[in-house]
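can you look at this prediction? I've put the sequence above it.
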Amino acid sequence: SQKIEQNSEALNIQEGKTATLTCNYTNYSPAYLQWYRQDPGRGPVFLLLIRENEKEKRKERLKVTFDTTLKQSLFHITASQPADSATYLCALPPSGSARQLTFGSGTQLTVLP
Amino acid sequence: DSGVTQTPKHLITATGQRVTLRCSPRSGDLSVYWYQQSLDQGLQFLIQYYNGEERAKGNILERFSAQQFPDLHSELNLSSLELGDSALYFCASSVDRTGGVDTQYFGPGTRLTVL
C-alpha cells in the first residue's frame, strides 16, 4: 500500500533563512500533491497544490517542487519568519476510486527569532 | 475562516457515554470528511460522505458512526466512549468534482475529552 514520509518530526531554523521540508512517498504515482499548514489546536489550512506535470509552483515566499522520479516533494519557505512556525503536512490522493486524501504525519517547523 | 463550521468546540464527557459532533460544510461543497487527531498524532481519516451517501471508510471504529443529511450537514456519533477516544475531531469539506482535483477545507475542530 502507499506510504508517505515527511523528513523529520521537527525542524528549527533561524529567522530569515530558508526552510526546506521533505515529503517522500512509495508505491504510488499521484496525479498531484498538496501542502497544508496546521497550527496547534486548529484545522489544517490548504497552502499549495502541484500536479505531476509541474516541476515547481510558487506562492509568495512558498515554493514547492515535485519530482515524480525520486517520488519526492520539497516545500521551501524563503525569508522565514517566526509566524511561519507551524506543522506542515503533505497530502496525496489515494490510488483507486476513493477520493480521500492521505496525509503525512507532518513536520513541525520552528523559526527562531 | 474556511467556511466549515463545527459544534461544539469542546466536549467533556465520561467513559461509556455517547456524543454527537456536528459539521456544516462550505456552501456548495458536497463531500464531508471526518478525521481524528490524538495528542501529537497525525490526522487519521475516519469516513467520507458525498451528497448524503457514504463514499469511503478509513480507520473508523464500530462504536463510531456518521451520516450526512439532505441539507449536507453531517454528524459523527461516538458511543461507548473510552479514555483513548479523547482527541480533536475535524470535519473537512470539498467540492469533489469527478475527475478533477480537490482541496479540503477544514473546520476548527471539536476537542473531545473523555474522563
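It's in.

which element is the closest residue to B:Cys23 other than its chain neighbours on?
Ranked by CB to CB, 6 or more residues apart in numbering or on different chains and with sequence neighbours excluded, the top spatial neighbour of B:Cys23 is B:Cys91, at 3.4 Å. (Each C-beta comes from the backbone N, C-alpha and C, glycine too.) Using DSSP states H and E, B:Cys91 sits in strand B:87-94.

list the strands paired with that strand, with their directions.
Taking DSSP bridges as the criterion, strand B:87-94 sits next to strand B:31-37 (antiparallel), strand B:105-106 (antiparallel), strand B:110-114 (antiparallel) in its sheet.

now tabulate those strands in CSV and tack on mean pLDDT and mean neighbour count.
Shown next, in CSV, are the strands paired with strand B:87-94 (pLDDT from 0 to 100; neighbours: other CB atoms under 10 Å in any protein chain shown):
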stretch, mean pLDDT, mean neighbour count
strand B:31-37, 95, 26
strand B:105-106, 95, 22
strand B:110-114, 97, 18
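
what would those strands look like in JSON lines with distance to B:Leu61?
Shown next, in JSON lines, are the strands paired with strand B:87-94 (distance: least, CB to CB, whole Å):
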{"stretch": "strand B:31-37", "distance to B:Leu61": "9"}
{"stretch": "strand B:105-106", "distance to B:Leu61": "21"}
{"stretch": "strand B:110-114", "distance to B:Leu61": "13"}
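
out of those, nearest to B:Ile47?
strand B:31-37 (5.2 Å; CB to CB).
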